[in-house]
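>>> model this:
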Amino acid sequence: MKNAIIYGEFLEESTTGIAYINSLLEKVLYDLGYAVSRYSEPRAKDYKNIKEIVNKKFYFKDFIKIMLSLLMSKNKEISFITISQSNLGLIKTLIISIILKYKTKRLIIYVHRGDLKSNLNKFYFRKFLINLIFSISFRVIFLSKILSEDFKDNYHNNKFLIIPNSLNKRDNNKSKILYETKFFKINVLKENTYRAIYCGNIHSQKGIDKIILAIKQINKNLKNKNVILDVYGIPFEKINEINNQIQYKGILNYHNRLEIMSEYDFLITASKSEGMPLILIECLSIGLPFITTEVGAIKDILIKDYPYICTCTKKSIVNTIINLMNDFDNQKEKLKKIISHGNKLYRDNFQYKNYYSNIKKNIFLD
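Reported below is the predicted structural model:
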């Protein structure tokens, strides 16, 4: 049996999209006949038992232990690691990548972020580190051609692969049932109350501050309608909760994530930067309408002429929410058509079988 290494976050210890995809990758490698060794990124400890604002830590001792464990491990065929963003994160990525390069025949670098290119343009030191990490890799995985195009002039671009995010088998099967239920509930709203969900890091970079301001303005101006926003995610900043309007609900884990999402009328995000957010793929899979900005690789997740696009400004978010509310009230068949086309996009591109096929074909595991 061949052997593989995955370094990063995993679902048992983190709720991030990266953790989800690493766990999905592990399952694909198993299905391809590989024994997988996990090496968990110490930073995942930040996401455990969250009761207050998260302050990122280095976990120096844990990092040294992982380095020593990797150096003492047996050589393997292939390894995967996600590239970080900050100076310290890139240094850590480089150190682990050098060890993985030494211990495995093929080192695969995963680029989950949609704003990695900005580091090349703004920070010479980060540009040096990113290029060095790319140079020692066998392949570099991007989530979308949109993101890899940012690096088309990079002299390592012959290594670039495109492998979109996808749902795992369990969520794929679950979403089929939830989609049928959700699709036929579009006609039901409770007394002009629209239930919205936000799910992501609680950070101004994700637009949560502008979303909250927009919800407050709508509820103030539209006396006969009410928007309730439930906020889920890792708290990097505080938010102002408002009774019967905005409430922080904690962390949304992957055991019952899709079921909880399906209870809402729509999801909203207004991020300034993204890779390919898994939360929007999940919305497509269960038939949940969503409002989003069009940054990173989000364009790949949208049907043609998707109408609920906003920018990260209060005015734009307000207008887009009102547009969606009007479609709920007056254009239900239009809304159902949008949901149906979105679900087809998911079925064609973002299921487990798509991810499995992409890994098998592009990583040349044979």
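>>> CA atoms for contacts and neighbours, from now on please.
Noted.
>>> middle-most residue in the protein, spatially?
Closest residue to the average C-alpha location of the chain: Pro277 at 3.4 Å, with CA atoms, centre = their mean.
>>> distance of it from Asp329?
28 Å (CA to CA, to the nearest Å).
>>> I'd say the residue nearest to the centre of the chain and Lys299 touch.
No: counting by CA atoms under 8 Å, Pro277 does not reach Lys299; the two are 10.8 Å apart.
>>> Count the residues that sit near the nearest residue to Ile228 once chain neighbours are set aside.
Sequence neighbours aside, Gln245 is the residue nearest to Ile228 in space, at 4.6 Å (criterion: CA to CA, 6 or more residues apart in numbering). Other residues near Gln245 come to 17 when the count uses other CA atoms under 10 Å.
>>> dump the residue contacts of Gln245.
Ile215, Lys216, Asn226, Val227, Ile228, Leu229 (CA atoms under 8 Å, 6 or more residues apart in numbering).
>>> you'd agree Thr269 is up against Val295?
No: using CA under 8 Å, Thr269 is not in contact with Val295, being 11.1 Å away.
>>> who's more crowded, the two?
For Thr269 versus Val295, the count of surrounding residues by other CA under 10 Å is larger for Thr269: 25 against 18.
>>> Distance-wise, check that one relative to Lys314.
12 Å.
>>> go on, His112?
From His112 to Lys314 the distance is 27 Å (CA to CA).
>>> same deal with Lys57?
Distance of Lys57 to Lys314, given as CA to CA: 32 Å.
>>> same question, Ser79
Distance, Ser79 to Lys314, by CA to CA: 43 Å.
>>> Could you do Asn75 as well?
Distance from Asn75 to Lys314, by CA to CA: 53 Å.
>>> next one: Glu241
17 Å.
>>> Which one's more surrounded, these two?
More crowded of Glu241 and Lys314, by other CA under 10 Å: Lys314, with 20 against 14.
>>> quick one on the thing from earlier: ranking the contacts of Gln245 by neighbours, who comes first?
Ranking the contacts of Gln245 using other CA under 10 Å puts Leu229 first, with 27 neighbours.
>>> got any ranges where this structure has weak pLDDT?
48-52, 55-56, 119-121, 184-190, 364-366 (pLDDT under 70).
>>> just the helices in it please.
For the chain, applying DSSP state H gives helices covering 17-31, 60-72, 87-103, 116-122, 124-136, 145-148, 169-183, 208-221, 257-261, 278-286, 314-330, 332-349, 352-362.
>>> Just the CA coordinates for the fifth one, please, in CSV.
Going back to what we said before, that points to helix 124-136. Taking Å, rounded to 0.1, in the frame of the first residue of the first chain, the C-alpha atoms of helix 124-136 are listed here in CSV:
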residue,chain,number,x,y,z
TYR,A,124,8.5,41.5,-1.3
PHE,A,125,9.4,39.1,1.6
ARG,A,126,6.1,37.3,1.2
LYS,A,127,6.6,37.2,-2.6
PHE,A,128,10.0,35.6,-2.0
LEU,A,129,8.6,33.0,0.4
ILE,A,130,5.6,32.1,-1.9
ASN,A,131,7.9,31.6,-4.9
LEU,A,132,10.3,29.5,-2.9
ILE,A,133,7.4,27.3,-1.7
PHE,A,134,6.1,26.9,-5.2
SER,A,135,9.6,26.1,-6.5
ILE,A,136,10.1,23.1,-4.2
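>>> buried ones in that helix?
Applying a neighbour-count criterion of 16 or more other CA atoms under 10 Å, one finds Arg126, Lys127, Leu129, Ile130, Ile133, Phe134, Ile136 buried in helix 124-136.
>>> likewise the second one?
Of all the residues in helix 60-72, those buried under the rule 16+ other CA under 10 Å are Phe63, Ile66, Met67, Leu70.
>>> tell me what that helix is packed against?
Counting contacts by 3 or more CA pairs under 8 Å, 6 or more residues apart in numbering; DSSP states H and E, helix 60-72 packs against helix 87-103.
>>> Now do the helix it packs on: which elements does it pack against?
helix 60-72, strand 76-82, strand 104-111, helix 124-136.
>>> Done for today, thanks.
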